[in-house]
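1. Structure, please.
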Amino acid sequence: MGEETLEFENEKKAFAEEREKFNAEKKGLLWRVSDAEQKLAQEKQVNTQKQKDWETACERSNAEMQSQRDAIVRLSGEKKKISDEAEQVRVASEKREEEYV
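-> Model (predicted):
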């Protein structure tokens, strides 16, 4: 009977050691999961900020391009107006020349 008790105590001790090892591994895994979740949350926040920055840059770029397109249209209109005026002056000049000749 004493031998059975000794064997039981040894098994109990081995089981307690194995439980401690298991709990330590479990705690390590939980810490790693927690750390990974924290890193994921940080990366999501960084990516959200990068997305906002990218959208802002696109909006700024689009506004600049629209402004440039507007300037091109305006300058094209001015060029057409000046060309028309030059043509009118040329025609008037030719008419005057014909009148003198």
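
2. Would you map the helices across the protein?
-> Under the criterion DSSP state H, helices of the chain are mapped to 2-100.

3. Quick one: low-confidence residue ranges for it.
-> 1, 101 (pLDDT under 70).

4. tell me the centre residue of it?
-> For the chain, Gln51 is the residue whose C-alpha lies nearest the centre (CA atoms, centre = their mean; 2.7 Å).

5. any idea how far Leu6 is from that one?
-> Applying CB to CB, to the nearest Å, the value for Gln51 to Leu6 is 67 Å. All C-beta spots, glycine's among them, are computed from the backbone N, C-alpha and C.

6. before we move on, what about Lys12?
-> To Leu6, Lys12 is 11 Å away according to CB to CB.

7. so how many other residues sit close to Ala24?
-> Counted with other CB atoms under 10 Å, residues neighbouring Ala24 total 10.

8. same thing with Trp31?
-> Per other CB under 10 Å, the neighbour tally for Trp31 reads 10.

9. do the same with Gln66
-> 10.

10. what sits against it?
-> By CB atoms under 8 Å, 6 or more residues apart in numbering, the contact set of Gln66 is empty.

11. any idea how far it is from Ile82?
-> 25 Å.

12. same thing with Gln68?
-> From Gln68 across to Ile82, the span is 21 Å (CB to CB).

13. What of Val91?
-> For Val91, the distance to Ile82 equals 15 Å [CB to CB].

14. ok, now Lys95?
-> Lys95 is 20 Å from Ile82, where distance means CB to CB.

15. Glu18 now?
-> Glu18 is 94 Å from Ile82, by CB to CB.
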